[in-house]
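Chemist: I'll drop the sequence and a predicted model, then ask my questions.
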Protein chains: 2
Amino acid sequence: MSRYAEKALQGNQLAGARLIRLLEEGDPEGIEGLKILYPHTGKAYVLGITGPPGAGKSTLVDRIIGEFRGRGMKVGVIAIDPSSPFTGGAILGDRIRMQRHATDDGVFVRSMATRGHLGGLSKATGEAALVLDAMGYDVILIETVGVGQDEVEVVDLAHTTAVVSLPGMGDDIQAMKAGILEIGEVFIVNKADKPGADEVVKQLTVMLEMRHYKPGDWRPRVLRTVAVNSEGISELVEAFLAHRQHLQESGTLADRKEKRELHFFRELVKEMAYERIFGALGGNGVLAALLEDLKARKIDPYSAAEKLVGGLSCHL
Amino acid sequence: MSRYAEKALQGNQLAGARLIRLLEEGDPEGIEGLKILYPHTGKAYVLGITGPPGAGKSTLVDRIIGEFRGRGMKVGVIAIDPSSPFTGGAILGDRIRMQRHATDDGVFVRSMATRGHLGGLSKATGEAALVLDAMGYDVILIETVGVGQDEVEVVDLAHTTAVVSLPGMGDDIQAMKAGILEIGEVFIVNKADKPGADEVVKQLTVMLEMRHYKPGDWRPRVLRTVAVNSEGISELVEAFLAHRQHLQESGTLADRKEKRELHFFRELVKEMAYERIFGALGGNGVLAALLEDLKARKIDPYSAAEKLVGGLSCHL
């Protein structure tokens, strides 16, 4: 039983924040809380926004929040920052720009560090999204920095993935091409009042035309914004909602959710099985002896792992 | 018994390439091969080179290879490219610049895709590095693109991590600051003949001065290169070797190796335990029923995982 779960279900932000923290730390109380919340999840629309540093994502996110709020939707934000292996802390930096929503009960922003999560960032982000979902946020916006593999996995959680670029990114778009570019459903050229915007729009459009589409597939859209002036934001949110509707009508939404939930479950099983094996063997000398042999290169890690796992039996 | 392991041990590049491919695909023959190779590993010096797209890493890597070769050292290169979730293929692009080493038996370049590895990129890269190590390469150079979390994990494999930047990167260095910047031991300002080089060197130096150092800690170095003209390459390789010597003399090298090997072993155990649980339960109806309940939200994933893992017993 969790002190925080009931309160979080009523929308209490402090309780929600505490629960997310407990989950990040791998605290059993966090997991007990999430068990209570779980039946209340599965309703929120999850939107991933990614792109390189300097693309103006924070301002953009701020404006998107405003637009959703204007439409009467509650917004939870998970901001993922590259974090220091030394300090372990998340950079708050330009999050401050989102402060104008700080007094709005319909907005809840959580920053997450990219390091130190038991089971990885993608698991921690998934858990935080479940908490926000159960708390009643209509939209969960996941903002990531960069175009690395880990970011790709995080946006895998999203129903809609938006990729932000900006004028003058020619080469970087080439570099993005084979990565996150191919998983985006909405492409945003921000700072579109700057020279070179037409070029980036054209490059993106050409690349998107090279994708293979089956009949009924979503056709990615390229949109221009000038986030600092709130230009193009309404059209952008329209595009997000159009994509959500497409997912619902095509049945893809249900498929995505199921696939994601199964993946999450499998990761949990791995983690727990590992804990159990090491917990069970920690007491006797077998594990210690095996680790010694490993250190001395008397055994290779594959054979050592096979030895451990070979002693497992399952009865259900 | 692996057809390829014995040949790879003799330095046969085709056999080595085949073995790496089998490991990437999670083929049991790859693992059998690696068991044979394992006792012959642990000798190579592993150098990680990372930085954003456009920093000229490929040319730089080409020149570094040349410099190591001039010192009589054999060099294995693992080039990690962001790959397409659609094609699954690695981009070869500017790898072609390394072609001048193609006829040199002392150089072996493997490109790896960032997706589709059983157990993740960091595991796949670690296995490829073991193969190159056993094949007798003195230096294993791991080149990554980007500054994401996944890249950070890949360079965790390295004994020395070099971070490449270039003039005009002001903002991006700020963005890198909290991430990979803090794990670098050698910082390279490439294209140092371009305007703005002094500024980047200064910014890096200031940031590095803000780190906390204990007595005996390695002091990161900032070096200028103009890779296209081979300028600064010899000094750069001197810095790498100085760092290696520092690791050896301080005993840090042995610690790092041990930590990395233990981490690898734990990941293997997780993976294998998972395979075993699902394999054992796939035959009876328990797993299928549990997955159905999960789909219907009759059970939460934590309770479902606990149920599965609770049926495990370990006897060794």
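Modeler: Arrived safely, thanks for sending. Residues are numbered from 1 along each chain as shown, chains lettered A, B, ... in the order given.
Chemist: rest of the way, CA atoms for contacts and neighbours
Modeler: Will do.
Chemist: where does chain A dip in pLDDT?
Modeler: Within chain A, the set of residues satisfying pLDDT under 70 comprises A:1, A:53, A:81-100, A:102, A:114-120, A:145-155, A:169-182, A:281-284, A:314-316.
Chemist: can you pull out the helices in it?
Modeler: In chain order, chain A shows helices spanning A:3-9, A:13-24, A:28-37, A:57-70, A:121-134, A:149-155, A:170-177, A:197-209, A:233-250, A:252-282, A:286-295, A:301-310, with DSSP state H as the criterion.
Chemist: what's the most buried one of the ones you listed?
Modeler: Of all those, helix A:121-134 has the most neighbours on average by mean count of other Cα atoms under 10 Å in any protein chain shown, namely a mean of 24.
Chemist: Might you calculate how far it sits from the centre of the chain?
Modeler: Once both centres are worked out by Cα atoms, centre = their mean, to the nearest Å, helix A:121-134 turns out to sit 8 Å from its chain's centre.
Chemist: could I get that helix in CSV with only the CA atoms?
Modeler: Extracted in CSV, the C-alpha atoms of helix A:121-134 (Å, rounded to 0.1, in the frame of the first residue of the first chain):
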residue,chain,number,x,y,z
LEU,A,121,16.0,5.4,-19.0
SER,A,122,13.4,4.0,-21.2
LYS,A,123,11.9,2.0,-18.3
ALA,A,124,12.0,4.9,-15.9
THR,A,125,10.4,7.2,-18.5
GLY,A,126,7.7,4.6,-19.1
GLU,A,127,6.9,4.4,-15.4
ALA,A,128,6.8,8.2,-15.1
ALA,A,129,4.4,8.3,-18.0
LEU,A,130,2.1,5.7,-16.3
VAL,A,131,2.0,7.9,-13.2
LEU,A,132,1.1,11.0,-15.2
ASP,A,133,-1.5,9.0,-17.1
ALA,A,134,-3.2,7.8,-13.9
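Chemist: hmm, back to that, can you add distance to chain B and give the helices of chain A back as a markdown table?
Modeler: Written out in a markdown table, the entries for the helices of chain A read as follows (distance: least, Cα to the nearest Cα, whole Å):
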| stretch | distance to chain B |
| --- | --- |
| helix A:3-9 | 15 |
| helix A:13-24 | 12 |
| helix A:28-37 | 6 |
| helix A:57-70 | 13 |
| helix A:121-134 | 9 |
| helix A:149-155 | 6 |
| helix A:170-177 | 7 |
| helix A:197-209 | 13 |
| helix A:233-250 | 17 |
| helix A:252-282 | 5 |
| helix A:286-295 | 7 |
| helix A:301-310 | 5 |
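Chemist: With distance to residue B:108 as extra columns, can I get these in JSON lines?
Modeler: What follows is the helices of chain A, written out as JSON lines (distance: least, Cα to Cα, whole Å):
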{"stretch": "helix A:3-9", "distance to residue B:108": "55"}
{"stretch": "helix A:13-24", "distance to residue B:108": "41"}
{"stretch": "helix A:28-37", "distance to residue B:108": "47"}
{"stretch": "helix A:57-70", "distance to residue B:108": "40"}
{"stretch": "helix A:121-134", "distance to residue B:108": "33"}
{"stretch": "helix A:149-155", "distance to residue B:108": "25"}
{"stretch": "helix A:170-177", "distance to residue B:108": "24"}
{"stretch": "helix A:197-209", "distance to residue B:108": "33"}
{"stretch": "helix A:233-250", "distance to residue B:108": "46"}
{"stretch": "helix A:252-282", "distance to residue B:108": "35"}
{"stretch": "helix A:286-295", "distance to residue B:108": "28"}
{"stretch": "helix A:301-310", "distance to residue B:108": "25"}
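Chemist: Ok, which of the ones you listed comes nearest residue B:292?
Modeler: Distances from residue B:292 to each of the helices of chain A were compared using Cα to Cα; the shortest belongs to helix A:252-282, at 10.6 Å.
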